[in-house]
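Novice: Have a look; sequence and predicted model below, questions after that.
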Amino acid sequence: MSFPHLPLSRAVPAVLAAALALARPGSAAASPPRIAFESEACDLGSVVQGEQPDCDFAFTNAGTEDLRILQLEPTCGCTTALLSAPLARSGERGAIRVVFDSANFAGEVVKEVEVRTNDPTRPSLTLRVKALVEPEIDFEPREVAFDGVRSGSELKQVVMLTNRRAEPVRILRLEGRPSSCRCLIPAWTEPAQPLVLEPWDRAVIEVSFSSPQSPAMPIAGECLLEIEGPRKRDFRLKILALPAP
């Protein structure tokens with residue numbers, strides 16, 4: 001049984017056409033979109049409480065098909081994620097800006113943003129932001145402890161208050177709680193007028209504790225400061241009185 005053969009005059013052009021098609025630059029097989037970040041973690045370092053630092057996460061579409069950012073989902077309401085553009089063509093760059101509001105945090109903080117894309121190999125990935133949040137109003141020491149409280153004794157301790165913000169703040173009120181705790185700023189001679197602390201200004205707080213009788217158990221108290229800066233907030237200096245053995 002024999003198979004028909006194309007005439008040479010038709011076979012040669014067909015082979016040449018196939019070879020030319022393979023040689024065309026646009027004829028290469030397309031690859032799916034691929035998101036490639038320069039880094040997926042950002043360390044903001046030391047941040048003063050109340051600041052809103054940001055970090056840019058740059059990425060590239062390393063595939064040939066269009067890359068689409070489908071969704072950005074921060075894990076906390078304190079974090080905002082902003083996208084430069086929802087689509088990146090082959091080789092194009094983009095960025096995701098993450099803004100962290102540190103107002104309600106202190107100490108080491110890690111926040112995350114989930115990124116969903118049409119990259120088949122990484123449909124979901126997580127960006128992480130780390131910060132060390134320093135208090136905007138700093139007490140030194142951070143807490144006051146009185147040991148060996150006896151009947152009729154009055155114990156005193158000095159605490160240094162520092163405004164760590166980049167703008168002035170006003171102290172509106174200072175109150176000791178309960179009544180056995182007393183808090184006083186000697187430099188605040190006119191309590192009817194706010195006490196203004198410029199950036200990095202310091203003020204002394206005199207803290208005292210007195211009790212008409214020996215306490216049977218530890219007593220917790222505080223110095224409450226109402227301070228107005230960009231917003232009005234309460235700050236609390238903790239006090240602990242321990243009875244004499």
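Specialist: In hand now; what should we look at? Numbers count the residues shown, from 1 in each chain.
Novice: Show me what the most centrally placed residue in the chain is bridged to.
Specialist: Nearest to the mean C-alpha position of the chain, by CA atoms, centre = their mean, lies residue 100 at 3.9 Å. Under the criterion DSSP bridges, residue 100 forms beta bridges with residue 79.
Novice: Quick check: it touching residue 131?
Specialist: Yes: checked against CB atoms under 8 Å, the pair residue 100 and residue 131 is within contact range at 6.2 Å. Where C-beta positions appear, they are placed from N, C-alpha and C, glycine not excepted.
Novice: Now for these two: what residues contact both?
Specialist: With contacts defined as CB atoms under 8 Å, 6 or more residues apart in numbering, the residues adjacent to both residue 100 and residue 131 are 44, 47, 53, 109.
Novice: The second one falls within a helix, correct?
Specialist: No: assignment of residue 47 by DSSP: H, G, I helix; E, B strand; the rest coil gives strand, placing it outside any helix.
Novice: how's this protein carved up into domains?
Specialist: 35-134, 137-243 (automatic domain parsing).
Novice: How far does the longest one stretch from one end to the other?
Specialist: It refers to domain 137-243. 30 Å (CA to CA, to the nearest Å).
Novice: residue ranges with poor pLDDT in this protein?
Specialist: By pLDDT under 70, the weakly predicted segments of the chain are 1-28.
Novice: mind listing the helices for it?
Specialist: Taking DSSP state H, the helices of the chain run over residues 8-23.
Novice: can you give me how far stretch 159-176 is from the chain middle?
Specialist: 23 Å (CA atoms, centre = their mean, to the nearest Å).
Novice: Ok, stretch 235-242 next?
Specialist: 27 Å.
Novice: Same question for stretch 102-109.
Specialist: 7 Å.
Novice: Going by neighbour count, which residues of it are buried?
Specialist: For stretch 102-109, burial by neighbour count (16 or more other CB atoms under 10 Å) applies to 102, 105, 109.
Novice: now do stretch 222-231
Specialist: By neighbour count on 16+ other CB under 10 Å, the buried set for stretch 222-231 is 222, 223, 224, 225, 227, 229.
Novice: Send me that stretch as CSV with only the CA atoms.
Specialist: The C-alpha coordinates for stretch 222-231 follow below in CSV (Å, rounded to 0.1, in the frame of the first residue of the first chain):
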residue,chain,number,x,y,z
GLU,A,222,-2.2,55.3,88.8
CYS,A,223,-1.3,58.9,87.7
LEU,A,224,-3.7,59.8,85.0
LEU,A,225,-2.5,62.4,82.5
GLU,A,226,-4.8,64.0,79.9
ILE,A,227,-2.6,65.2,77.1
GLU,A,228,-3.5,67.0,73.9
GLY,A,229,-1.2,66.8,70.8
PRO,A,230,-2.5,65.9,67.3
ARG,A,231,-5.4,64.4,69.3
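Novice: Provide the contact partners of it at residue level.
Specialist: With contacts defined as CB under 8 Å, 6+ apart, stretch 222-231 is touched by 50, 136-137, 159, 161, 165, 167-177, 181, 183, 194, 205, 207, 232-239.
Novice: Produce a PyMOL select command limited to the buried residues of those residues.
Specialist: Command for PyMOL that selects the buried part of the contacts of stretch 222-231, burial taken from 16+ other CB under 10 Å:
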select buried, resi 50+136+137+159+161+165+169+171+174+176+181+183+194+205+207+233+235+237+239
